[in-house]
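Visitor: only geometry, no sequence info:
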């Protein structure tokens with residue numbers, strides 16, 4: 001695959017794994033960037049692997065030597081993203097830039113910093129202070145934020161998981 005270039009495949013809904021398996025079975029190299037999404041359920045927070053681009057993945061194809069048209073009829077694939085009749089080439093460096101952001105387990109590291117300014121009104125989504133309104137104070141560390149809650153008539157500084165706070 002010396003002249004292989006990256007192209008984009010649109011998959012069927014929730015069909016990324018099926019499309020990836022069937023494309024690899026046909027001899028294509030695929031890249032499905034994933035990240036760990038924090039999920040709150042029943043007062044617990046867990047991490048689940050999710051596609052970075054839902055319904056899309058990359059496939060490496062040498063159009064001169066591989067039968068790339070078979071991608072269109074692969075189970076799990078909705079279509080090969082194209083410009084007219086020709087598949088649309090992903091610009092050089094896009095896939096390598098994504099891969100450079102992967103951790104040792106192959107997941108893309110997303111920037112989890114809170115995007116609030118000091119004084120912004122926030123609401124607590126979970127935990128002991130659920131549904132409480134407060135003011136954003138500062139970013140405490142990579143995963144936690146400091147907010148000011150009005151408790152019993154005075155402002156109290158509380159550290160919370162960044163995912164537990166949303167704009168009010």
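Guide: Sure thing, it's come through. Nothing here was measured: the structure is a model prediction, and the numbers come from that model. Numbering: from 1, shown residues only.

Visitor: assess the claim that residue 132 and residue 149 are in contact.
Guide: Yes: between residue 132 and residue 149 there is a contact under C-beta atoms under 8 Å: 5.5 Å. Bear in mind the C-beta positions are built from the backbone N, C-alpha and C, glycine included.

Visitor: okay, and the common contacts of those two?
Guide: Both residue 132 and residue 149 are contacted by residue 124, under the criterion C-beta atoms under 8 Å, 6 or more residues apart in numbering.

Visitor: what segments of the chain are strands?
Guide: 5-11, 29-31, 34-41, 44-51, 56-61, 77-80, 82-83, 86-87, 121-124, 133-139, 144-151, 154-161, 165-167 (DSSP state E).

Visitor: got TSV for those strands, with distance to residue 22, mean neighbour count and mean pLDDT too?
Guide: Formatted as TSV, the strands of the chain follow (distance: least, C-beta to C-beta, whole Å; neighbours: other C-beta atoms under 10 Å; pLDDT from 0 to 100):
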stretch	distance to residue 22	mean neighbour count	mean pLDDT
strand 5-11	10	20	95
strand 29-31	10	15	96
strand 34-41	18	14	80
strand 44-51	16	12	84
strand 56-61	11	21	96
strand 77-80	7	18	94
strand 82-83	19	10	88
strand 86-87	17	16	87
strand 121-124	44	18	89
strand 133-139	43	18	88
strand 144-151	42	18	86
strand 154-161	38	14	85
strand 165-167	39	15	84
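
Visitor: now the closest residue to residue 88 other than its chain neighbours: phi and psi?
Guide: Computed as C-beta to C-beta, 6 or more residues apart in numbering, the closest residue to residue 88 that is not its neighbour in sequence is residue 81, at 5.0 Å. Main-chain torsions, residue 81, degrees, to the nearest 10: phi -60, psi 130.

Visitor: domain ranges for this protein, per the record?
Guide: 5-100, 121-167 (automatic domain parsing).

Visitor: got the end-to-end distance for the first one?
Guide: Taking C-alpha to C-alpha, to the nearest Å as the measure, domain 5-100 stretches 18 Å from start to finish.

Visitor: same question, the shortest one
Guide: Terminal residues of domain 121-167 lie 6 Å apart, using C-alpha to C-alpha.

Visitor: stretch 140-158 now?
Guide: The first-to-last residue distance of stretch 140-158 comes to 10 Å (C-alpha to C-alpha).

Visitor: again, but for stretch 43-61
Guide: End-to-end for stretch 43-61, by C-alpha to C-alpha: 45 Å.
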